[in-house]
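1. Below: sequence and its predicted model.
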Amino acid sequence: MLNMILRFIKDEEGQGLAEYALILVLIAVVVIVALTLLGDQIRNVFQTITNAL
């Protein structure tokens with residue numbers, strides 16, 4: 001799958017800004033969902049580190 005993405009990025013024939021924007025939006029949505037779901041766990045890890053220091 002990584003090779004497919006790299007070929008997609010390198011092959012700029014017919015590529016427009018819209019395709020790249022859609023990829024960035026998809027990545028942003030995935031990151032936001034992951035942070036929302038894992039937010040409490042991440043907060044606990046940082047709190048543990050802070051307490052240890």
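-> Ah, there it is.
2. Quick check: buried residues in the helix or strand hosting Met4?
-> Per DSSP states H and E, Met4 falls inside helix 2-10. Using 16 or more other CB atoms under 10 Å as the test for burial, helix 2-10 gives no buried residues. The way it works is simple: take the backbone N, C-alpha and C, and place the C-beta from them, glycine included.
3. mind saving the C-alpha coords of it as CSV?
-> The C-alpha coordinates for helix 2-10 follow below in CSV (Å, rounded to 0.1, in the frame of the first residue of the first chain):
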residue,chain,number,x,y,z
LEU,A,2,2.9,2.3,0.8
ASN,A,3,4.3,1.8,-2.7
MET,A,4,0.9,2.6,-4.2
ILE,A,5,0.8,5.9,-2.2
LEU,A,6,4.4,6.8,-3.3
ARG,A,7,3.6,6.1,-6.9
PHE,A,8,0.5,8.2,-6.6
ILE,A,9,2.5,11.1,-5.2
LYS,A,10,5.3,10.7,-7.8
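4. can you give me the offset of that helix from its chain's centre?
-> 16 Å (CA atoms, centre = their mean, to the nearest Å).
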